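[1] Pasting a predicted model and its sequence here:
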Amino acid sequence: MLETLSKIWRFSAKEKSNLNKSLVISVIHAFFYVLQMGAVYFILLSIVNNGEKLRTSLMSFAIILASIFGRMITNYYAQLRQTHAGYFMVANARIKMTDKLKKIPMGLLNNSKMENISGILTTGLSETENTVPSILITMLTGFLTAFVFTIMVFIFDIRIGIVVAIATLIYLYVSDRMQKVSAKVAPKRANAQINLSDRVLEHIQAMPVIKSFNLTGKGDKNTRDAIFESKKTNLEVERRFTPFTIFSSLILNVASFILMYLAIRFYFDQTMNLTNSLMTLIMSYMIFSQIQEAGSSMSELRIVASSIDKVDDIMSLSEMKSKSGLKLTSKRNIEFNNVSFSYGNKKIIDKVSFKIPEKTTVAFIGPSGAGKTTLSKLIARFWDVDSGDITIGGVNIKDISLEELMDNISIVFQSVYLFNDTIENNIKFGNPNASHEEVINAAKKAACHDFIMALPKGYDTVIGEGGANLSGGEKQRISIARAIIKDAPIIILDEATANVDPENEDKLQIAINSLMKEKTVIMIAHKLNTIKNADQIIVLEKGQIVQKGEHDELIKEEGIYSDFIKIREKAENWKIK
Ligand SMILES: Nc1ncnc2c1ncn2[C@@H]1O[C@H](COP(=O)(O)OP(=O)(O)OP(=O)(O)O)[C@@H](O)[C@H]1O
């Protein structure tokens, strides 16, 4: 348990002071409880002594009243502090995790261990957010009050004190066993909860596909499995815990019963006076209810600890650090020197070397799976190369800070993501300081100003999640406007061919041409015109460069390139007819 507590302590990070304050307030809260019991003792004493000391009794009532108010006020402040600590410690952890995600290799995000990141960020941590501080406080006040009450009982009668101590020790032993069981099932339960929320989210997002393939019923198998798994683990938790819960409550109830019996017995034996006997009856109930409350909070701590473990897993992933924090030079020429890269054991890029002079365009072509996308993403350090190096203006990209690197690169991929925000803000994402005029300018260059103005709210139109309210071509152009406004000197572009009708294709070409002007461009090219116009064409096959040069040279050679161009020409002629 101490290990779990220290884990939470470490996790509370900047919120330690609020947690501390709420714990101190809880100690004062417990003190008022004890004070109240002390006053009850004096009232009993006064009653037993036939009201001899009415003044003492009235004083005691005043103390009880003050204690009740004291408990109310301390409870209020402890709640405020603990809510603050809970929300902020989790909010800080979420911010740290999202920052971390920007710094780890994208490859790790595909790792099965990382699949549930969104679930950990949401469901996994919400339990911690809501329960951690209240659990700590319940435990602290519970055990503290019970401890002081036990000392008081020892003072009244050592025999009763011994029974209380034995019952408490047995209860703590059973709770410890419960903790160990909890340690085994808690991660399983947390995983099932996280998986469930992921599957439900996926199910909602995939609804158009599920409907179009008429898979309602079959398509939600994953969601059903996740619900079933969650039900199974929750039942397992209950099945494992119930015997312990019943047994521990039995221990306390039996102990309460024994104490009542002994209190009465000792009174009639005349080995205990009436006041102490009555106090024992009251306190036996109070002590055990406090211990029980504190004990049940202990098992909840395990679930919280397993969520913190998952956060730690993510936070311990190795980051892509800049080795020496060098600045880029004024040049933006790119060089690949003997670069190799694998996804796990699967070699994708094999000893590739080439140069892209500044402000020129290189087009990657080659069969599907040849490694074109991977090669272009290596420039932006989505992954680090296994061997060889990539330089920009002569500086190894590993020596540049990730921020500086990303400031210099704009990436436009086929799958566009637009935020659930206004069109203006989606474009401004490329440069948050841009003025409205600059946004309009970029939109004009990307051939999207006209369709934006035709929308009822123009640039203030809120785009549905994932850009759902716009056509594929329109989304592409907005993403290009975003890249234009960023004005990075290096452009990585996966030329879109899908989702675009001929009219849109022309507009998209205008947008792409504006984006590429005066830039160093790396593109995965699909269209004949772009390929032919590229300053350099690199033909990839199985991760190796098999042809390299300009269109006019390559077309004369036998090989993939001339075959590829013939197929493209046929396809494009066919399209025109
Ligand atoms: N994140 C990843 N993890 C593991 N393997 C991957 C990953 N991304 C791509 N691959 C694999 O690497 C190989 C090269 O993929 P890449 O996307 O670079 O090829 P490509 O030439 O761009 O293909 P396409 O033209 O079909 O997009 C493929 O076999 C692919 O399955």
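    That came in fine, so what should we check first?
[2] got a list of what I491 touches?
    409-412, 483, 515-516, 519-523 (CB atoms under 8 Å, 6 or more residues apart in numbering). Glycine gets a C-beta too; all of them are placed from N, C-alpha and C.
[3] quick check, K347 in a helix?
    No. With DSSP: H, G, I helix; E, B strand; the rest coil as the criterion, K347 is strand rather than part of a helix.
[4] Neighbours of it, how many?
    16 (other CB atoms under 10 Å).
[5] And it, what's its pLDDT?
    Predicted confidence (pLDDT) for K347: 90.
[6] and the residue nearest to it when sequence neighbours are not counted, how many residues sit next to it?
    Counting by CB to CB, 6 or more residues apart in numbering, K347 lies nearest to G543, which is 6.3 Å off, once chain neighbours are set aside. Using other CB under 10 Å, G543 has 22 other residues around it.
[7] separation between G543 and T74?
    67 Å (CB to CB, to the nearest Å).
[8] Quick one: the strands in the stretch 51-200 of the chain, in order.
    Shown for the stretch 51-200 of the chain, no strands are assigned by DSSP state E, counting those that start in this stretch.
[9] do the chain as well
    334-343, 346-356, 361-365, 387-392, 395-396, 409-412, 490-494, 520-524, 536-541, 544-549 (DSSP state E).
[10] Any chance of those in CSV with distance to I303 as columns?
    As requested, the strands of the chain are exported to CSV (distance: least, CB to CB, whole Å):
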stretch, distance to I303
strand 334-343, 35
strand 346-356, 38
strand 361-365, 49
strand 387-392, 44
strand 395-396, 45
strand 409-412, 40
strand 490-494, 43
strand 520-524, 46
strand 536-541, 49
strand 544-549, 51
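[11] tell me the contacts of the residue nearest to K347?
    Neighbours of G543 in contact, by CB under 8 Å, 6+ apart: 347-350, 352, 370-371.
[12] confidence score at Q544?
    92.
[13] how close does the closest residue to it other than its chain neighbours sit to the ligand?
    The shortest distance from Q544 to any non-neighbouring residue, by CB to CB, 6+ apart, is to D350 (5.0 Å). D350 sits 12 Å away from the ligand, going by CB to the nearest ligand atom, to the nearest Å.
[14] can I see the domain layout of the chain?
    For the chain, the structural domains run 15-312, 333-408+491-499+519-577, 415-487, going by automatic domain parsing.
[15] could those go into CSV alongside distance to K321?
    Listed next are these as CSV, based on distance: least, CB to CB, whole Å:
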stretch, distance to K321
domain 15-312, 8
domain 333-408+491-499+519-577, 8
domain 415-487, 24
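[16] Any idea which of those gets closest to K507?
    Minimum separation from K507 across the domains of the chain (CB to CB) falls at domain 415-487, 4.0 Å.
[17] check whether that closest one contacts the ligand.
    No. On the criterion CB under 6 Å from any ligand atom, domain 415-487 is out of touch with the ligand, staying 11.0 Å away.
[18] Give me the distance from that domain to the chain's centre.
    Centroid displacement of domain 415-487 relative to its chain, using CA atoms, centre = their mean, to the nearest Å, is 28 Å.
[19] Give me the mean pLDDT for it.
    pLDDT averaged over domain 415-487 gives 85.
[20] swap in stretch 27-37?
    pLDDT averaged over stretch 27-37 gives 86.
[21] Pull out the buried positions in that stretch.
    28-37 (16 or more other CB atoms under 10 Å).
[22] next one: it to chain centre, how far?
    So, by CA atoms, centre = their mean, the centroid of stretch 27-37 is 39 Å from its chain's centroid.
[23] re earlier: quick one: which of the contacts of I491 is nearest L262?
    I411 (77.2 Å).
[24] Counting neighbours, what do you get for the nearest residue to the closest one once chain neighbours are set aside?
    Closest residue to I411 apart from its sequence neighbours, by CB to CB, 6+ apart: I492 at 4.6 Å. By other CB under 10 Å, 21 other residues sit near I492.
[25] In contact with I492: list those residues for me.
    I492 touches 376-377, 379-380, 409-412, 521-523, counting by CB under 8 Å, 6+ apart.
[26] Of these, which is the most crowded?
    Counting neighbours by other CB under 10 Å, I522 leads the contacts of I492 with 27 neighbours.
[27] is it true that it touches K377?
    No. Counting by CB atoms under 8 Å, I522 sits too far from K377 to count as a contact (10.0 Å).
[28] can you pull out the helices in the stretch 351-500 of the chain?
    372-379, 402-407, 423-428, 436-445, 449-454, 472-486 (DSSP state H, counting those that start in this stretch).
[29] Where in the chain is the helix or strand with the lowest mean pLDDT?
    helix 207-212 (a mean of 68; mean pLDDT, DSSP states H and E).
[30] Please name the nearest non-neighbouring residue to the residue positioned nearest the centre of the chain.
    Nearest to the mean C-alpha position of the chain, by CA atoms, centre = their mean, lies L121 at 2.3 Å. In this structure, L121 finds its nearest non-sequential neighbour in R94, 5.7 Å apart by CB to CB, 6+ apart.
[31] Please look at that neighbour and S126 and confirm they touch.
    No. Assessed by CB under 8 Å, R94 is found out of contact with S126, at 10.2 Å.
[32] Look up how far G295 lies from the nearest residue to F244 once chain neighbours are set aside.
    Leaving aside its sequence neighbours, F244 sits nearest to M178 (CB to CB, 6+ apart; 4.3 Å). For M178, the distance to G295 equals 8 Å [CB to CB].
[33] Report the set of residues contacting both of these two.
    S248.
[34] of the two, who's got more company?
    With neighbours defined as other CB under 10 Å, M178 and G295 compare such that G295 has more, 27 against 22.
[35] give the contact list for that one.
    142, 171-172, 175, 248.
[36] Tell me the one among those residues nearest to the ligand.
    S175 (45.6 Å; CB to the nearest ligand atom).
[37] Can you give me the distance of that closest one to V164?
    Counting by CB to CB, the gap from S175 to V164 is 16 Å.
[38] what's I524 in contact with, if anything?
    Neighbours of I524 in contact, by CB under 8 Å, 6+ apart: 363-365, 372-373, 376, 493-495.
[39] so where's the stretch 51-200 of the chain uncertain?
    51-54, 106-116 (pLDDT under 70).
[40] And the helices in it?
    According to DSSP H, counting those that start in this stretch, the helices that the stretch 51-200 of the chain contains are 54-103, 117-119, 125-156, 158-205.
[41] any idea which of those is most buried?
    Stretch with highest mean neighbour count among the helices of the stretch 51-200 of the chain: helix 125-156 (a mean of 20; mean count of other CB atoms under 10 Å).
[42] Great, nothing more from me.
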